[in-house]
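*Asks:* Below is the sequence, then the predicted model.
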Amino acid sequence: MTNLLKQAVNLIHDGDRYYGHGRFFHEFIDDWAYHQTGLYKPSHPLKDEVTTISDELSNTIREAWEAVPGEDFIGHVIEECGGSGHLSFFRTPPSVSLLMAKVLGGSKKLEDFADICMGSGSLTLAYIHQTFIDGGSKAVARLNIHGEDLSGNKVKVAMLQILNLLDILGGGQPLYVHSMNLCEMNSLSRECGLVQYDFSGPNNPRCRLDERQRKLVQHSIQQGVPEDILSKKMKLPLSLVKQEIAVFSQGNA
């Protein structure tokens, strides 16, 4: 885990050479969140010069998530890189997150869970993971998650970590929460920001492929283009690409 953290930090420093200190990782998260959901297109697309760095960084982060499911790896990376710009950022230690998750316990009914000032999602990640350990997929499927943070970029980080945690825990099978709302919010004034993710059912925002995109995806599938490459090239959420592949495969079975 330590080696992966060092690798991630070094890649971020490499990216900063093209952006200035502290900017690359922010832009990287904006780009990744857009590709994951299809929402909130980045105002500044990643530069071509950092494509290789970006790919290596996303692979490193995914490897860390798989090594220790439920841990706030990106939060750790942000700390190692010197914080979060003009906003103070203090990651909840994994031991504290785990303790709180265990204390909160579980339920056999629909269960509401709120994480106010969630930052990069430490507590929510630990809670989902502990719920899965205690009760499996059925227990996770009863969760109604609400999270909010002043920083829209942190909301995107939390979203990425939560969706990938569900994917990892599912082990190739769909793992759903009952609902999840993550929003950019001033927790004191209750003023809403731009970033709002509203999840239900398959844990994806309400977005669909249009007919042109569907035909391009189907053609690419026939040509053997890998789904992750297809997602990046077409600027489409990976979840929607996988969904269309499944539908297309069933129709041609």
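*Replies:* Alright, I've got the coordinates. On a predicted model such as this, the values are computed, not experimentally measured, just so you know.
*Asks:* ok now do Q196, which residues does it touch?
*Replies:* Taking C-beta atoms under 8 Å, 6 or more residues apart in numbering, we find Q196 in contact with N181, L182, C183, E184. Every C-beta, even on glycine, is put in place using the N, C-alpha and C of the backbone.
*Asks:* separation between A114 and E184?
*Replies:* Counting by C-beta to C-beta, to the nearest Å, the gap from A114 to E184 is 15 Å.
*Asks:* quick one: which of those two has more around it?
*Replies:* With neighbours defined as other C-beta atoms under 10 Å, A114 and E184 compare such that E184 has more, 20 against 13.
*Asks:* Next, that one: secondary structure please.
*Replies:* At E184, secondary structure determined by DSSP: H, G, I helix; E, B strand; the rest coil is strand.
*Asks:* Looks like it contacts K156 (just checking).
*Replies:* No - counting by C-beta atoms under 8 Å, E184 does not reach K156; the two are 9.1 Å apart.
*Asks:* Give me the common contacts of those two.
*Replies:* Contact criterion C-beta under 8 Å, 6+ apart; residues shared by E184 and K156: V195.
*Asks:* returning to that earlier point: are any of the contacts of Q196 buried, and which?
*Replies:* L182, C183, E184 (16 or more other C-beta atoms under 10 Å).
*Asks:* Nearest to G172 among those residues?
*Replies:* Closest to G172 out of these is L182 (24.6 Å), distances taken as C-beta to C-beta.
*Asks:* what's near enough to touch that closest one?
*Replies:* By C-beta under 8 Å, 6+ apart, L182 lies in contact with 118, 145-148, 155, 158-159, 162, 195-197, 199.
*Asks:* Quick check on S151: phi, psi?
*Replies:* Note on S151: backbone dihedrals following degrees, to the nearest 10 are phi -90, psi 120.
*Asks:* can you count the residues close to it?
*Replies:* 22.
*Asks:* what's the answer for the one 10 residues further on, then?
*Replies:* The burial metric for Q161, expressed as a neighbour count using other C-beta under 10 Å, is 24.
*Asks:* Check E211 too.
*Replies:* 7.
*Asks:* quick one: pLDDT of it?
*Replies:* We have a pLDDT of 81 for E211.
*Asks:* Name the helix or strand for I162, please.
*Replies:* helix 152-170 (DSSP states H and E).
*Asks:* could you give me the average pLDDT of stretch 188-208?
*Replies:* pLDDT averaged over stretch 188-208 gives 75.
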